[in-house]
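Participant: Structure here, sequence nowhere to be found:
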């Protein structure tokens, strides 16, 4: 009975507010400060509500001022703004969510013509921008779409896009259906420009990435190359039958396929949780069409887009975000769940089916427990901002694991403290278990991927590798000092000073062998560097110790962070969260005793 009271008190305190269980600033995120995943979820909730009312996602050429997709986009835009996005980013978020839910990217020639990106921009009330000013997502640095546009225009001036010289087109033919919907345009000019411009634009983006010390992003390079091509070529033209069935393949499809090949993308992608196959060329063409018209999203909007693209199983190969797995990132990146839940719901699925899809996908993470709790935290915060079926599905799919994990931690803490262990011992045992989970899972994952026996061990993870300042020593993620041991088929390789010695040397000295080893060892390291997104191994034992009377909340919080934590505590705000949760747990326990 007493143990039950302690469990109830600690679990109530831990889950009282979403911000208590994480060092990430989820309250700030709800205002759009730094990240827009709350906006993505809020928009998805709004769109799901429209679909439940029976509205159609179809982009049509209907002879009407307003069709269903207009109303759906407006709802999504309002939801995104409610979640902290500005109108430009809200337009992008809403358009991409609708596309993933089943909307087509365009329809119509010419009157009644509608494009998903343009509709979203118009409904958001923002000005058209242009590919040259579109920013890439931030990968430490970022660039714009200017290289794609510049390279394409250089090719234009050099007459490299099409064999047709515009000066040779007879008067009265150019700009009419005799060109635009007949052999000269559709068999020669348009397919040649679409293929060549998209390829040139994509490759220019790849080169530009390299020039600022960023690994080229094939997905963004292909999309921007396609969008830049579609700013020039007739975006509605039907392609010759050598590209596919008559009247079913358009310039966007040809441009998307050309850019995807140039950027090295796989031929097809698979949606997480459902296994649905997407033709990559078609996908890139549609997204390029959206980006051509969308307006002027900012870097944080583009980060949110990259995380939405993590909805594909091949996200690591294509340069998408991390939120789909297998690695857990900071909570601000977590957006793929919104896309998965919305897609299931859009296929006449129930909240229960969406929840099952979410739970299935979490099993593919390096640490499924942390993946469940992280998603649960974000979805609970979304419910405070804009409630809806998408966040409800995520909560349903992750709550059982979340609550069971907290209960297990409380029970284990009670057992260890009653057996004479110190709070520091308890926390370290939990964190050592997490490190072992991550090491083991990453070793299995890499062994499977490489068809070799891989063993990865994190020997040290702390701060203060290069800097003397207090922040770098206190918060290890700001200046990580990491040692890793790697075994490949029994041969051991020791990588001491991974972040501040090994990686710079490998890049600057062009050490190909070491560069091939680094992708093997970095996934578990990155997983542990962001451990602070979920604080269960720190705040739960601290709160339990407070309820058991092992010290004051202030003393226990100091002990937990300063001397107990070897992983979680290396992030800002950890001590404050441990202290507040302990006070709340004590208050809950005392209230239950008095009832």
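Facilitator: Perfect, I can see it now. The shown structure was predicted, so the numbers you read here are calculated from the model rather than taken from an experiment.
Participant: And the protein, split by domain according to the record?
Facilitator: The chain breaks down by automatic domain parsing into domains covering 131-294, 443-520.
Participant: looking at those, which is buried most?
Facilitator: Across these, averaging neighbours per residue (mean count of other C-beta atoms under 10 Å) puts domain 131-294 on top, at a mean of 21. Bear in mind the C-beta positions are built from the backbone N, C-alpha and C, glycine included.
Participant: end-to-end on it?
Facilitator: In terms of C-alpha to C-alpha, to the nearest Å, the two terminal residues of domain 131-294 are separated by 9 Å.
Participant: same thing with stretch 444-464?
Facilitator: First residue to last in stretch 444-464 (C-alpha to C-alpha) measures 31 Å.
Participant: State the distance from residue 120 to residue 5.
Facilitator: Counting by C-beta to C-beta, to the nearest Å, the separation of residue 120 from residue 5 is 52 Å.
Participant: Between the two, which is the more surrounded one?
Facilitator: Neighbour comparison, residue 120 and residue 5: the larger count goes to residue 120, with 31 against 14 (by other C-beta atoms under 10 Å).
Participant: Packing partners of the helix or strand harbouring that one?
Facilitator: If you go by DSSP states H and E, residue 120 is part of helix 116-124. Using 3 or more C-beta pairs under 8 Å, 6 or more residues apart in numbering; DSSP states H and E as the contact test, the elements touching helix 116-124 are helix 68-82, helix 87-101, helix 280-293.
Participant: By residue count, what's the longest helix in this structure?
Facilitator: The longest helix of the chain (DSSP state H) is helix 389-418.
Participant: buried stuff in that one?
Facilitator: Neighbour-count burial for helix 389-418, counted by 16 or more other C-beta atoms under 10 Å, picks out 389-399, 401-403, 405-406, 409-410, 412-414, 416-417.
Participant: tell me the angle of it relative to helix 68-82?
Facilitator: Put simply, helix 389-418 runs at 30 degrees to helix 68-82, going by axes from the mean of the first three to the mean of the last three C-alpha atoms, to 10 degrees.
Participant: Helix 87-101 and helix 389-418, what's the angle between them?
Facilitator: 90 degrees.
Participant: Could you quantify the relative orientation of the following helix or strand past helix 389-418 and helix 389-418 as an angle?
Facilitator: Using DSSP H and E, the helix or strand that directly follows helix 389-418 along the chain is helix 423-450. For helix 423-450 against helix 389-418, the angle by the same axes, to 10 degrees is 130 degrees.
Participant: Centre of the chain to helix 423-450, how far?
Facilitator: Offset of helix 423-450 from its chain centre (C-alpha atoms, centre = their mean, to the nearest Å): 23 Å.
Participant: Check which helices and strands it sits against.
Facilitator: Helix 423-450 sits against helix 389-418, strand 454-462, helix 512-529, helix 536-547, helix 553-559, with contacts defined as 3+ C-beta pairs under 8 Å, 6+ apart.
Participant: Could you list every helix and strand that the helix or strand just after the shortest one packs against?
Facilitator: What it means is helix 553-559. On the C-terminal side of helix 553-559, the nearest following helix or strand under DSSP H and E is helix 574-594. If you count contacts as 3+ C-beta pairs under 8 Å, 6+ apart, helix 574-594 packs onto helix 2-14, helix 536-547, helix 553-559.
Participant: tell me the angle of helix 574-594 relative to helix 423-450?
Facilitator: 120 degrees.
Participant: buried residues in helix 574-594?
Facilitator: Using 16+ other C-beta under 10 Å as the test for burial, helix 574-594 gives 574-575, 577-586, 588-589.
Participant: for stretch 91-105, same thing?
Facilitator: Result for stretch 91-105 [16+ other C-beta under 10 Å]: buried residues 91-101, 103-105.
Participant: Output these as TSV; include the columns pLDDT and distance to residue 463.
Facilitator: Compiled in TSV, the buried residues of stretch 91-105 are given as follows (pLDDT from 0 to 100; distance: C-beta to C-beta, whole Å):
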residue	pLDDT	distance to residue 463
91	98	40
92	98	36
93	98	35
94	98	40
95	98	41
96	98	37
97	98	38
98	98	43
99	98	42
100	98	39
101	97	43
103	97	46
104	96	50
105	96	46
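Participant: Any chance of the helices and strands packed on helix 116-124 in CSV with distance to residue 325 as columns?
Facilitator: Shown next, in CSV, are these (distance: least, C-beta to C-beta, whole Å):
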stretch, distance to residue 325
helix 68-82, 24
helix 87-101, 17
helix 280-293, 20
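Participant: Just give me the lowest mean pLDDT stretch among the domains of the chain.
Facilitator: Ranked by mean pLDDT, the domains of the chain end with domain 443-520 at the bottom, a mean of 91.
Participant: excluding its backbone neighbours, what's nearest residue 267?
Facilitator: residue 280 (5.7 Å; C-beta to C-beta, 6 or more residues apart in numbering).
Participant: Residue 377 now?
Facilitator: residue 18 (5.0 Å).
Participant: Now do the contacts for residue 431.
Facilitator: 531, 537, 565, 566, 567, 568 (C-beta atoms under 8 Å, 6 or more residues apart in numbering).
Participant: rerun that using 10 Å as the cut-off
Facilitator: Contact analysis of residue 431 by C-beta atoms under 10 Å, 6 or more residues apart in numbering lists 528, 531, 537, 538, 564, 565, 566, 567, 568, 569.
Participant: Now do the spatially closest residue to the last one that is not a sequence neighbour against residue 582, distance only.
Facilitator: Across the structure, with C-beta to C-beta, 6+ apart as the measure, the residue nearest residue 569 apart from its sequence neighbours is residue 561 (4.3 Å). Plainly put, residue 561 is 12 Å away from residue 582 if you go by C-beta to C-beta.
Participant: same check, this time on residue 179
Facilitator: Distance, residue 179 to residue 582, using C-beta to C-beta: 75 Å.
Participant: Residue 317 is in contact with residue 449, correct?
Facilitator: No. Residue 449 is beyond contact range of residue 317, at 11.1 Å (criterion: C-beta atoms under 10 Å).
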